[in-house]
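A.B. asks: have a look; sequence and predicted model below, questions after that.
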There are 2 protein chains.
Amino acid sequence: MQHVISVLVENRSGVLSHIAGLFSSRGFNIDSLAVGETQDPTISRMTIIVTGDDKIIEQVNKQLNKLIDVIKVQDITEDEYLDRELVLVKINCTSQTRGEIVQIIEIFKAKIIDVNQKTLTAEIAGPQDKIGAFLDLVKPFGIKELVRTGRIAITRG
Amino acid sequence: MQHVISVLVENRSGVLSHIAGLFSSRGFNIDSLAVGETQDPTISRMTIIVTGDDKIIEQVNKQLNKLIDVIKVQDITEDEYLDRELVLVKINCTSQTRGEIVQIIEIFKAKIIDVNQKTLTAEIAGPQDKIGAFLDLVKPFGIKELVRTGRIAITRG
């Protein structure tokens, strides 16, 4: 099962490598990971998306909690949460196809952040299904580069 | 100096921990890191923001290139690039302050993704200066939770 784990950590050298190491030592591949500062710049929040056996993930979470630089571990998979991701995508275009690509971008309320003779770069943020639908629509034009942040999640209420 | 490093890696268990370990063994703290799949799901792209001595970062990049699961390392700091980040922020609100918060959200073209009696959750994507200005404006209302993806970057053209 896919788990969404939110971890508050001290913003120190080595924390990320420790945490990633705990998952990889159990053979888990992290599906996505995003790390950024919180309102307190000495504290960072990681959102980790990982697929695996529920019981083993629970064990990993317990081990995470024991790390000195880990402040709090929350497996929010079962909670009510909202998750979003940001994607930058450079799409091949010609003068013939540009209009259609721009139309798709407008429908999805994505943003054009760069354009030239041969490519158009869009920024899109949203839940996974929206981003998936957008990428499916632009894929036939040719995706030259795709950069994703990985999902971040926040509990409701 | 702050560096923006874009790394293409095989999507395998252990890669993240190796890469994070290379930086932390040199005493570097990664300012932010975002990992997500590319158009090829077996390959992920990491965007690493790290501050440190230029020469030592160059050495780290060379070592990264030697890792078996690393396909390509690009230090795009000196290139023309666009960088963006996504932030979810839960702001304290009352019936008196909600209107003003909503107005700020509209001005910044951010999105309201959740609201209840006591809080309002906004989603904002953009360059660092825009996100910084938005957070400065909502901070006085009280930030209850802040989740950031870390910056991702794409080269121009």
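C.D. replies: It's in.
A.B. asks: please parse chain A into its domains.
C.D. replies: Using automatic domain parsing, the domain parsing of chain A gives A:2-75, A:82-155.
A.B. asks: B:Ile143: which of those domains is closest?
C.D. replies: domain A:2-75 (4.9 Å; Cβ to Cβ). Every C-beta, even on glycine, is put in place using the N, C-alpha and C of the backbone.
A.B. asks: average model confidence for the longest helix seen in chain A?
C.D. replies: In chain A, assigned by DSSP state H, the helix with the most residues is helix A:54-66. What helix A:54-66 shows for mean pLDDT is 91.
A.B. asks: which strands and helices sit next to that helix?
C.D. replies: strand A:2-10, helix A:15-25, strand A:70-75 (3 or more Cβ pairs under 8 Å, 6 or more residues apart in numbering or on different chains; DSSP states H and E).
A.B. asks: the longest one vs helix B:15-25, what angle?
C.D. replies: To tie it back to what came earlier, the one meant is helix A:15-25. For helix A:15-25 against helix B:15-25, the angle by axes from the mean of the first three to the mean of the last three Cα atoms, to 10 degrees is 150 degrees.
A.B. asks: what about helix A:15-25, average pLDDT?
C.D. replies: Here the average pLDDT along helix A:15-25 is 89.
A.B. asks: any residue of it touching chain B?
C.D. replies: Yes. Legend: contact between helix A:15-25 and chain B by Cβ under 8 Å from any Cβ of the partner chain is shown at A:Leu16, A:Ser17, A:Ala20, A:Gly21, A:Phe23, A:Ser24.
A.B. asks: name only those of these that count as buried.
C.D. replies: The neighbour-count test (16 or more other Cβ atoms under 10 Å in any protein chain shown) marks A:Leu16, A:Ser17, A:Ala20, A:Gly21, A:Phe23, A:Ser24 as buried among the residues of helix A:15-25 next to chain B.
A.B. asks: how about JSON lines for those, with distance to B:Gly132 added?
C.D. replies: Formatted as JSON lines, those follow (distance: Cβ to Cβ, whole Å):
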{"residue": "A:Leu16", "distance to B:Gly132": "23"}
{"residue": "A:Ser17", "distance to B:Gly132": "28"}
{"residue": "A:Ala20", "distance to B:Gly132": "28"}
{"residue": "A:Gly21", "distance to B:Gly132": "32"}
{"residue": "A:Phe23", "distance to B:Gly132": "32"}
{"residue": "A:Ser24", "distance to B:Gly132": "34"}
